[in-house]
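Participant: Quick one, structure for this:
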Amino acid sequence: MIGVSFEPIIAPPFNEGILRLYVLNEMRKIATEIKRDFSRTVTTWNTKPKFSSHVGFGATQLKIEVTTEDENYARVSDGTAGKPRVARGFVGVTGARALTIIPYIPKTTRGSIDAKPGGAVEGAPVIFRRYALNAGKIRPRKFDDLVQAIWEEKLPDRLQQALDAAAVKTGFAF
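Facilitator: Next comes the predicted model:
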């Protein structure tokens, strides 16, 4: 006679704490890497802004915020509108002869998060003009949009790896 017996497989109780720990640790690693990407935009700057990160992990959302309070960084990232300037005299001096314009090469470009060498051009002739059109205009670099686009591709895979590692640790892996 042939006998068949079944042994029930009872899974261990699900440990939510391990899952939270693995996901939160991965989110912290990702926040550090995002800060590193933002730091790439200012590697050649003389005064580098400080970036801070905050990780939020709630019942309905995961959130990573990387911010800076640096006004110069905001001007370069968001851009500024230029305005025409006219050479004027100082107090007690009537009329100025010209504006001094020093040739300058931007250290950052639109569409790239990597900074490059630049700044005031050494040895270039200084330009003297009576009018400077669009003086102070900075084209927006949109660093935040660039970094976000990079991480929108990477984030799902990184979170899935964290979930897989947590599943193995808790005994629920397939």
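Participant: now the strand or helix carrying residue 153: mean pLDDT?
Facilitator: Residue 153 is part of helix 143-170 when elements are defined by DSSP states H and E. Helix 143-170 shows a mean pLDDT of 93.
Participant: Mind listing what's buried along it?
Facilitator: Burial within helix 143-170, assessed by neighbour count using 16 or more other Cβ atoms under 10 Å, is assigned to 143, 146, 147, 151, 155, 159, 162, 165, 166, 170. C-beta coordinates here come from the backbone N, C-alpha and C atoms, glycine included.
Participant: so what's residue 28 closest to, chain neighbours aside?
Facilitator: Distance criterion Cβ to Cβ, 6 or more residues apart in numbering; nearest residue to residue 28, sequence neighbours excluded, is residue 55 at 5.7 Å.
Participant: doesn't residue 29 make contact with that neighbour?
Facilitator: No - between residue 55 and residue 29 there is no contact under Cβ atoms under 8 Å: 9.9 Å.
Participant: which of these two has more neighbours?
Facilitator: residue 55 (18 against 13; other Cβ atoms under 10 Å).
Participant: Mind pulling up the pLDDT for that one?
Facilitator: We have a pLDDT of 95 for residue 55.
Participant: Name the helix or strand for it, please.
Facilitator: Using DSSP H and E, residue 55 sits in strand 52-57.
Participant: Not counting sequence-adjacent ones, nearest residue to the most centrally placed residue in the chain?
Facilitator: Nearest to the geometric centre of the chain sits residue 38, at 3.6 Å (Cα atoms, centre = their mean). Using Cβ to Cβ, 6+ apart and skipping residues adjacent in sequence, the residue nearest residue 38 is residue 51, 5.1 Å away.
Participant: Quick check: that neighbour touching residue 40?
Facilitator: No - contact between residue 51 and residue 40 fails when scored by Cβ under 8 Å: they sit 11.0 Å apart.
Participant: quick one, which of the two is more surrounded?
Facilitator: Taking other Cβ under 10 Å, residue 51 and residue 40 do not tie; residue 51 has more neighbours (20 against 14).
Participant: Now for that one: which residues touch it?
Facilitator: By Cβ atoms under 8 Å, 6 or more residues apart in numbering, the contact set of residue 51 is 35, 38, 39, 66, 67, 68.
Participant: taking those one by one, which sit in strands?
Facilitator: Under the assignment DSSP state E, the contacts of residue 51 contribute 66, 67 to strands.
Participant: just curious, which of the contacts of residue 51 is nearest to residue 47?
Facilitator: Residue 47 has its nearest neighbour among those in residue 68, at 12.1 Å by Cβ to Cβ.
Participant: how many other residues sit next to that closest one?
Facilitator: Around residue 68 there are 18 residues (other Cβ under 10 Å).
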